[in-house]
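Engineer: return a 3D structure for these sequence lines:
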Amino acid sequence: MSGAAGFDVAVVGSGVVGLGAALAAHRRGLRVVVIERGSEPSGASIRNFGHLCFTPQHGIAREFALASRERWLELARDAGVWLRESGTLVAARHDDELAVLAELAALRGDGEVALLDARDAEARIPLAPGTAVGGALLPRDLQANPRQALVAIAAHLEREGVEFRRRTAVGRVGTGRVETSRGPIDADEIVVAVNHDLDLLFPELAEQRGIVRCGLDMLRVDAGLAAPLPAPVLTGWSLVRYGAFAATESARRLRERLHAERPDLAALDLNQMYTQLPDGSLIVGDTHYRGATVAPFQGEAAFEALLEVTGSFFGVPRPRVIERWQGVYASGPDEFLIEQPEPGVHLAIATTGIGMTCGLGLAEHVVGLALSASSTTSQKGRS
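Structural biologist: Model prediction:
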């Protein structure tokens with residue numbers, strides 16, 4: 001590749017998808033530059049649970065998730081990314097939640113979903129006594145620490161020769177060129193991985209595709225658990241969100257019950273789940289609200305609800321809050337936006353909250369498409 005261009009591949013954005021695109025291009029021996037408007041990671045890719053939930057994905061998201069899993073394991077080895085091969089635990093508090101787990105276990109049939117009885121679930125998860133009627137272990141899932149992972153991946157890529165242009169704003173992207181606040185950058189292929197800021201570069205396309213922002217309320221707490229969490233923990237609210245669970249027949253009945261019993265939590269669009277960081281603190285979340293702009297003002301009622309359900313779930317007093325924050329990610333009618341708005345310009349956007357899980361696989365897919373299209377164009381030009 002390359003020709004007269006300064007770089008073979010330019011990547012706009014250094015979240016998990018952008019870093020994945022840089023990694024995929026670098027692995028192919030190409031000269032890569034990453035353009036990032038900030039000085040350090042501050043977007044969707046560090047504001048999440050770090051839960052790499054491969055088994056709960058469905059359709060193309062499952063394909064991207066399985067590809068991502070291999071990349072995460074490689075990055076743990078090569079880049080020093082902290083990674084726990086913990087699997088995921090699901091606590092079922094009602095028979096209809098068990099039914100969803102049993103249905104997915106039967107569909108997969110290859111050890112991806114190991115059902116647990118009540119005694120085993122409560123032995124593995126420090127729940128309030130009598131909370132679980134059963135559960136499941138999803139052994140293929142992993143856990144990262146997003147605050148550490150993004151920094152470690154970027155440092156690894158820099159050591160490998162990938163260039164980073166930080167504190168550099170992008171004003172326009174077109175065939176062969178990225179216009180930035182520090183001057184133009186030329187590249188044969190350009191991958192745009194700016195997640196919810198897609199509308200700043202391609203506003204008409206974002207509007208046409210229905211891409212908005214999704215805001216989240218999240219907490220890091222000292223919960224005083226009776227024992228550490230051995231893995232990320234999902235609940236019944238998670239089973240009506242993630243694609244593979246939500247696609248089951250049993251999920252419809254579960255959703256109806258949850259919404260009837262706790263309309264207040266349904267109104268928050270709750271995903272009640274937990275991950276524990278190496279220092280023992282617990283990430284608690286999360287709620288969901290959407291709009292073209294997400295207001296920075298977070299109501300206390302959402303945090304109160306998160307603390308209430310956490311205390312009753314684990315049978316502990318009100319957890320001590322260490323940090324509160326607002327997550328944000330792109331939200332659209334589909335799980336991904338993969339488009340080529342101009343020749344040589346490729347959009348790679350996770351348009352739901354599974355970027356950490358699927359982002360490396362999504363990036364690999366888009367870089368493969370970009371280089372394939374470039375090769376085809378070059379061959380036509382020579383013929």
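Engineer: how close does residue 153 sit to residue 159?
Structural biologist: 11 Å (Cβ to Cβ, to the nearest Å). Glycine gets a C-beta too; all of them are placed from N, C-alpha and C.
Engineer: ugh, wrong one, residue 320
Structural biologist: The value you get for residue 320 to residue 159, if Cβ to Cβ is used, is 39 Å.
Engineer: still on that earlier bit, ok, residue 153 and residue 159, which is more surrounded?
Structural biologist: residue 153 (27 against 10; other Cβ atoms under 10 Å).
Engineer: tell me the pLDDT at that one?
Structural biologist: What the model reports as pLDDT for residue 153 is 98.
Engineer: the one 4 residues further on now?
Structural biologist: In this model, residue 157 is scored at 98, pLDDT.
Engineer: and the closest residue to it other than its chain neighbours, how many neighbours does it have?
Structural biologist: Closest residue to residue 157 apart from its sequence neighbours, by Cβ to Cβ, 6 or more residues apart in numbering: residue 22 at 5.5 Å. The local packing of residue 22 (other Cβ under 10 Å) involves 31 other residues.
Engineer: so which elements touch the host helix or strand of residue 22?
Structural biologist: In the assignment (DSSP states H and E), residue 22 maps to helix 16-27. In this structure, helix 16-27 packs against strand 7-12, strand 32-35, helix 60-78, helix 146-159, strand 183-192, strand 345-350, helix 355-382, with contacts taken as 3 or more Cβ pairs under 8 Å, 6 or more residues apart in numbering; DSSP states H and E.
Engineer: any idea which of the ones you listed is most buried?
Structural biologist: strand 7-12 (a mean of 28; mean count of other Cβ atoms under 10 Å).
Engineer: how far is stretch 354-372 from where the chain is centred?
Structural biologist: 13 Å (Cα atoms, centre = their mean, to the nearest Å).
Engineer: pretty sure residue 170 contacts residue 178?
Structural biologist: Yes. Assessed by Cβ atoms under 8 Å, residue 170 is found in contact with residue 178 at 5.8 Å.
Engineer: common neighbours of the two, please.
Structural biologist: Shared contacts of residue 170 and residue 178, defined by Cβ atoms under 8 Å, 6 or more residues apart in numbering, are found at 12, 35.
Engineer: in terms of neighbours, single out the busier of the two.
Structural biologist: Set residue 170 next to residue 178 and count neighbours by other Cβ under 10 Å: residue 178 wins out with 26 against 23.
Engineer: quick check on the more buried one: phi, psi?
Structural biologist: Per-residue torsions, residue 178: phi -110, psi 120 (degrees, to the nearest 10).
Engineer: one more: the one 4 residues further on?
Structural biologist: Its backbone dihedrals place residue 182 at phi -110, psi 20, with angles given as degrees, to the nearest 10.
Engineer: could I get the contacting residues of it?
Structural biologist: Residue 182 neighbours (Cβ under 8 Å, 6+ apart): 165, 168.
Engineer: residue 260 - how many residues pack around it?
Structural biologist: Residue 260: 9 surrounding residues under other Cβ under 10 Å.
Engineer: give the bridge partners for residue 32, please.
Structural biologist: residue 9 (DSSP bridges).
Engineer: and it, how close does it get to residue 159?
Structural biologist: Taking Cβ to Cβ, one finds residue 32 at 13 Å from residue 159.
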